[in-house]
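> sharing a model prediction with you, sequence too.
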Amino acid sequence: MTAIYQKIKEAVQPDGTLPQGFSVHPVNSEEYMMGDGGFDGFSLYYGMGEVPDPGPYLQVIDDVSAGSFAEAVKSLEELLNDEYERTIYVIDPVQAYIAEKIDELDTGSLYVFATTLITQSEMPECVKFGLGVYEILDREDPQMQEVIRTMALADEFTLYCMYIMSHWQNGSDAIFGVAKKVTGWGKIHAVHFLEPDTEEKKDWLYRFGSSNEINDKHTALDCAFKLNIEEAVHGELSEVQFAGITGILSALLQNQALDELTDTDAFLHAYAVQARTHAHTEDDYMVLIALQNHIFTFGGDVRTADLCDLILREPETLANTQQLLKEHRGYVIAAYLGMDVCGQLLEDMRTDFRNYWHYLGILQEEPTVMTKAVDIFRENLDLESLDTGPSDWPGFTADSRILQFLLYKLETVPGVGEDLVGIGLNCFDRNVREAALDVVEAWQLRGYAHDQELEERYLALQEKETDPELRERLTQKKKLLN
């Protein structure tokens, strides 16, 4: 097998990035399915769960210091080969132990141990352990700094490399270099560590900082604080700054994270005032609609909502929207303005399904329209891969998420897409099964008599459902179907 460091080094492209889809994990492994950096990222942002006893890991440090190098590596590999043991759970107490015993430990041996793990290990968790130990002992050796820069390109290791780089004399510039080359969990961590200490870095944060391939909430919040947008929005903004704040606000609205700001109402109103001058693009208009919906749903300054509506109904907005429709864009804004886009949108969904399916939400929930939409979904989804039976696997696929979205829209149109509801009941994705159950119950309340095939699928689900909550729900409603 090839050392992970070598695998990363050989994969680096001429532009300094790793190829799309690059992974340090075996294909189809649980880590691969979650995405590189996913386990550590979720642990960091959403809670770690039960932390294992760090004692065995501290013993590894003692063994290395005592000269038992090979034994220490073997012990570490055995420890981290357990799926429930991860470096992120234990690295803090390990680092604290090294710092406390620094005068007693053989730091030379530990340094060799760390660099060896980083450059030669074939186990991702062992590489991380090496990075964690290296952080405490970093000597800013130029050769190892280049190794760290390379490792940082892989989402699985960016977090650990950021901690190391943050101690370097030129750490801010090194982190900036990485931030521009990563897109997933790596970008989330790099933006978090990046200090906006130059105009170039601030400009990049405005232009590119708030987006990533995982969840824009994390980078958007960091950008909001680093750029101090609550203060900036009250001053004179350039087009780049307004566009950047729009992107940040969009992410915060989508993730209901506005309460992280100090004075949400004041910020939102100041943004709307700025929008009267700067709002010209589809993204700008989409944020104004989302902002208005947020105020109506969660409360806020009604004056801000009224101002959003005023901007959205100005002649310039109408003219821009008509141009967007010619470019097969702007459907949400057009629907907001009461324009009939149903026919054009259905045709775009038919010819370019993957780019237009998500606009289903703005179609009229009327049987004729929804029947046409369901036909398009039926033709484009891999139904066989979805109709596999309940599973304990916590993951999902692009098609399962699309089917889940469609099912939500079918609750108000009894009988439309009944075959897809049946497939939803038998899907491996727990969320899809729940959505299908919601449809069945909603149709029942509307007095709809289900066909025999759907009833049989529903009854069969009672026998093989793997999720306790859904099983209980089925038990309580045994005779929903007529």
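Looks like it arrived, so ask away. Numbers count the residues shown, from 1 in each chain.
> residue 38 is in contact with residue 185, isn't it?
Yes: between residue 38 and residue 185 there is a contact under Cβ atoms under 8 Å: 6.6 Å. In this view, the C-beta of every residue, glycine as well, is placed from N, C-alpha and C.
> mutual contacts of these two, please.
Common contacts of residue 38 and residue 185 (Cβ atoms under 8 Å, 6 or more residues apart in numbering): residue 214.
> these two: who's more crowded?
Between residue 38 and residue 185, counted using other Cβ atoms under 10 Å, residue 185 has the larger neighbour count: 30 against 19.
> these two touch, right, the more buried one and residue 39?
No: contact between residue 185 and residue 39 fails when scored by Cβ under 8 Å: they sit 9.6 Å apart.
> what comes up buried for the lowest-mean-pLDDT helix or strand in the chain?
For the chain, using mean pLDDT, DSSP states H and E, the weakest element among its helices and strands is helix 452-464, scoring a mean of 74. Of the residues in helix 452-464, 454, 455, 457, 458, 461 count as buried by neighbour count, 16 or more other Cβ atoms under 10 Å.
> any chance of those in CSV, plus distance to residue 470?
Output for the buried residues of helix 452-464, formatted as CSV (distance: Cβ to Cβ, whole Å):
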residue, distance to residue 470
454, 17
455, 17
457, 14
458, 12
461, 8
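> closest one of the residues you listed to residue 55?
Nearest to residue 55 among these is residue 461, at 46.3 Å by Cβ to Cβ.
> with adjacent residues omitted, what lies nearest to the closest one?
In this structure, residue 461 finds its nearest non-sequential neighbour in residue 425, 5.1 Å apart by Cβ to Cβ, 6 or more residues apart in numbering.
> the helices in the stretch 251-400 of the chain, which residues?
Assigned by DSSP state H, counting those that start in this stretch, the helices in the stretch 251-400 of the chain fall at 264-278, 282-298, 302-312, 315-326, 331-336, 342-351, 353-356, 367-380, 383-386, 398-410.
> wait, which of the ones you listed is closest to residue 167?
Here helix 264-278 is closest among those (Cβ to Cβ), at 34.3 Å.
> what is the mean pLDDT for that closest one?
Mean pLDDT, helix 264-278: 97.
> what's the answer for stretch 404-421, then?
Stretch 404-421 shows a mean pLDDT of 95.
> likewise for stretch 287-296?
The predicted model assigns stretch 287-296 a mean pLDDT of 97.
> give me the residues contacting it.
Under Cβ under 8 Å, 6+ apart, the answer for stretch 287-296 is 246, 249-250, 253-254, 258, 268, 271-272, 275, 279, 300-302, 304-305, 308-309, 311-312, 332-333, 336.
> can you list the domain ranges for the protein.
Recorded structural domains for the chain (assignment: automatic domain parsing) are 1-194, 196-339, 342-476.
> filter the contacts of stretch 287-296 down to the buried ones.
Among the contacts of stretch 287-296, the ones that count as buried by 16+ other Cβ under 10 Å are 246, 249-250, 253, 258, 268, 271-272, 275, 279, 300, 304-305, 308, 311-312, 332-333, 336.
> and the helix or strand that contains residue 225, how far out from the chain's middle?
Element membership for residue 225, per DSSP states H and E: helix 216-226. Chain-centre distance of helix 216-226: 13 Å, with Cα atoms, centre = their mean, to the nearest Å.
> other SSEs contacting it?
helix 185-193, helix 239-254 (3 or more Cβ pairs under 8 Å, 6 or more residues apart in numbering; DSSP states H and E).
> past that helix, which element shows up next along the chain?
Counting by DSSP H and E, what follows helix 216-226 is helix 229-232.
> thinking again about what came up before, want to throw the helices and strands packed on helix 216-226 into JSON lines with mean pLDDT and distance to residue 12?
Converted to JSON lines, the helices and strands packed on helix 216-226 look like this (pLDDT from 0 to 100; distance: least, Cβ to Cβ, whole Å):
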{"stretch": "helix 185-193", "mean pLDDT": "97", "distance to residue 12": "14"}
{"stretch": "helix 239-254", "mean pLDDT": "97", "distance to residue 12": "28"}
